[in-house]
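Enquirer: my questions are about this predicted structure, shown below with the sequence.
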Amino acid sequence: MTTTRRQMILAALALPMLGVAGCTRMYRNHGYVPVDDELAAVVVGQTTRDELESLIGRPGSQGVLTGSSWYYVGSRWEHYGMRPPREIDRQVVAISFAESGVVTNVERFGLESGRVVVLSRRVTDTGVSGVGVIRQIFRNVGNVNAGQLLD
């Protein structure tokens, strides 16, 4: 067998392998959401904002009002072949504070069928606030593209 023919056979075998490798699913995680074990260390009504920072870290975003909430946002994206990336999971942990800086609420939200769903909630009072902000975060994450920023 000549060298040229051997190279052609190897190339013919390698091309399908490259095609299969290009169609593997890849997953990418964006953001940070503390796991339940880390959140278990947060005691509603006792943990302060400064203690929370050392327990689970700084949030991805936070409210601007006094006694506002911290929001930890994380999402998982699936990349498959030539298709555009698809978001397969999104979670938000919202931690609310009293004006004194003590944790009043710890909530975890998920995305099920395109709707915001409360996955867990630890609340000290009955007035849960900030749901509108959570819905806005879920609607806007992933909806901005580079073309919109450049125009």
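Expert: Here it is on my side, so go on. Residues are numbered from 1 along each chain as shown.

Enquirer: helices of this protein, start to end?
Expert: 3-21, 36-40, 49-56, 131-140, 146-150 (DSSP state H).

Enquirer: mean confidence for stretch 84-100?
Expert: Average pLDDT, stretch 84-100: 87.

Enquirer: hey, C-alpha coordinates of that stretch in PDB?
Expert: C-alpha atoms of stretch 84-100 as PDB (Å, rounded to 0.1, in the frame of the first residue of the first chain):
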ATOM      1  CA  PRO A  84     -27.700  28.000  19.500                       C
ATOM      2  CA  PRO A  85     -27.000  27.600  23.200                       C
ATOM      3  CA  ARG A  86     -30.100  26.600  25.300                       C
ATOM      4  CA  GLU A  87     -30.600  27.500  28.900                       C
ATOM      5  CA  ILE A  88     -31.600  24.300  30.700                       C
ATOM      6  CA  ASP A  89     -31.600  25.400  34.400                       C
ATOM      7  CA  ARG A  90     -31.700  28.700  36.300                       C
ATOM      8  CA  GLN A  91     -31.800  29.300  40.000                       C
ATOM      9  CA  VAL A  92     -31.900  32.400  42.100                       C
ATOM     10  CA  VAL A  93     -31.300  32.600  45.900                       C
ATOM     11  CA  ALA A  94     -32.700  35.700  47.400                       C
ATOM     12  CA  ILE A  95     -31.700  36.700  50.900                       C
ATOM     13  CA  SER A  96     -33.500  39.600  52.400                       C
ATOM     14  CA  PHE A  97     -32.300  41.800  55.300                       C
ATOM     15  CA  ALA A  98     -34.000  44.000  57.900                       C
ATOM     16  CA  GLU A  99     -32.700  47.600  58.200                       C
ATOM     17  CA  SER A 100     -30.500  46.400  61.000                       C
END
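
Enquirer: so which bits of that stretch are buried?
Expert: By 16 or more other Cβ atoms under 10 Å, the buried positions in stretch 84-100 come out as Arg90, Gln91, Val92, Val93, Ala94, Ile95, Ser96, Phe97, Ala98. The way it works is simple: take the backbone N, C-alpha and C, and place the C-beta from them, glycine included.

Enquirer: ok, now how distant is Ile9 from Phe97?
Expert: 68 Å (Cβ to Cβ, to the nearest Å).
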